[in-house]
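> sequence and predicted structure are below.
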Amino acid sequence: MSNAPDNEHDQVLFAHAERTEQQDRLTEVSVEALRRSGALALRTPVQYGGAWTDASAGAVRLAEIGRACPSAAWIAGTCATAKTLFAQSFDEPVQKEYFADPNALACGTGAPAAQGIREADGVRVTGRWETVSGCEDADWAQLALMIDGAYHVMVVPTAELTVERNWHMAGMRGTGSQRLVADGLLVPARQTAAVAPPQPQDRLFFALCALAPVVGATQGALHVIEDMFASARKPYMTSYARMGESPGARHWLAEAARLVDRAEQTMLAVAHDSPRAEFGELDRARLQMSLTGAARDCREAVERMLDLHGASGFRTSNALQRYWRDVAVAGRHPLLNPYLATESLGTALTP
């Protein structure tokens, strides 16, 4: 099939994508494929054996994974986000422990959903963090909390936390974005750090980590439709012998492909520009608008593909409906919020 990936590790993710969704988390084989592919080392510093990949290369790789398994790409993206923040927040002794395995899977959230109380032996932490993608398979968790009224992050082995399985979603089910709980957990003080808000370049990178799996999923959906056009399928209740004989179907396919291409090109353009430190508020607002526009293009593209496939595209055995649900959910992540991006751009444009 044309929609099967070329990369051997991505082939494994592709083969296990349906099972991943059914069990609401990556299969063990999928986790191992991510490790072996180097996808989990995307933001591990090079001095620890990783590949501190730039935004462009990272976005391309996450999109490639997203074509095979959007949930796997999402987890790889959140891992890259967590490792980026960790490298900026903690000193070398803690980094050496955390990055001892450059392919370790990290999870986390920036929502300060816990309180920490300083004690002689460390910080006593109690809290509940929602939607922590990949937490059941992660080696480390980087979580936000409040200590003495100030924003902090902490890093702990996920084995020291409790997982509450409350991830019940229409799409991106395989991310296993469950709740993590700490109940009076004593965390060594060196594993906590006061941090400043992320730099604008980092915020754009984090948004790219959310967008790239969406772009990849849309490309995966397009491959399904291309396979359909290459098959003996024809438009129902017409005299056409094949889908490609219909001018309307060809036009709809071209529109879907145009939207997919535009989303990918937008992603790459933002990735190329995002590291530029000299960008002002207006430049960043425009880039954020571009990201949200790309997510919208992905959603519109998959809708056209479903029009082409018809009701059979919604069979639970059809990969198209899984891509559609994943794009619909991931494309509405807060980092891709279109009305807030519009609000920011309007504010930046106002004298």
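On my side now, so go ahead.

> all strands for the stretch 51-200 of the chain, in order.
With DSSP state E, counting those that start in this stretch, the ranges of strands along the stretch 51-200 of the chain come out as 106-109, 114-119, 122-132, 140-147, 150-157, 162-164, 178-187, 192-194.

> can you list those in JSON lines and add distance to residue 339 and mean neighbour count?
(Glycine included, C-beta is placed from N, CA and C.) Output for the strands of the stretch 51-200 of the chain, formatted as JSON lines (distance: least, C-beta to C-beta, whole Å; neighbours: other C-beta atoms under 10 Å):
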{"stretch": "strand 106-109", "distance to residue 339": "22", "mean neighbour count": "26"}
{"stretch": "strand 114-119", "distance to residue 339": "29", "mean neighbour count": "16"}
{"stretch": "strand 122-132", "distance to residue 339": "21", "mean neighbour count": "19"}
{"stretch": "strand 140-147", "distance to residue 339": "25", "mean neighbour count": "22"}
{"stretch": "strand 150-157", "distance to residue 339": "26", "mean neighbour count": "19"}
{"stretch": "strand 162-164", "distance to residue 339": "31", "mean neighbour count": "13"}
{"stretch": "strand 178-187", "distance to residue 339": "27", "mean neighbour count": "18"}
{"stretch": "strand 192-194", "distance to residue 339": "32", "mean neighbour count": "17"}
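
> who touches residue 254 in this structure?
Residues near residue 254 by C-beta atoms under 8 Å, 6 or more residues apart in numbering: none.

> pLDDT score assigned to it?
Here the pLDDT value assigned to residue 254 is 98.

> list the buried residues of the host helix or strand of it.
Element membership of residue 254, judged by DSSP states H and E, is helix 247-273. Within helix 247-273, the residues that qualify as buried are 249, 252-253, 255-257, 259-260, 263-264, 266-268, 270-271, 273, counting by 16 or more other C-beta atoms under 10 Å.

> return the member of these nearest to residue 187.
residue 271 (34.6 Å; C-beta to C-beta).

> what residue in the chain is the furthest from its centre?
Going by C-alpha atoms, centre = their mean, the residue of the chain most distant from its centre is residue 239, 43.0 Å out.

> ok, that residue to residue 246 distance?
10 Å (C-beta to C-beta, to the nearest Å).

> for the chain, what's the longest helix?
Under DSSP state H, the helix in the chain containing the largest number of residues is helix 200-230.

> helices or strands up against that helix?
In this structure, helix 200-230 makes packing contacts with helix 55-68, helix 70-89, helix 247-273, helix 281-309, helix 319-330, judged by 3 or more C-beta pairs under 8 Å, 6 or more residues apart in numbering; DSSP states H and E.

> so for residue 225, which of these sits nearest?
Each of those was scored for nearness to residue 225 using C-beta to C-beta, and the closest is helix 281-309 (4.8 Å).

> report the angle between that closest one and helix 200-230.
20 degrees (axes from the mean of the first three to the mean of the last three C-alpha atoms, to 10 degrees).

> quick one: helix 281-309 to chain centroid distance?
Mean C-alpha position of helix 281-309 versus that of the full chain (C-alpha atoms, centre = their mean, to the nearest Å) differs by 15 Å.

> what residues sit buried inside it?
Judged by neighbour count using 16+ other C-beta under 10 Å, the buried positions of helix 281-309 are 284-302, 304-306, 308-309.
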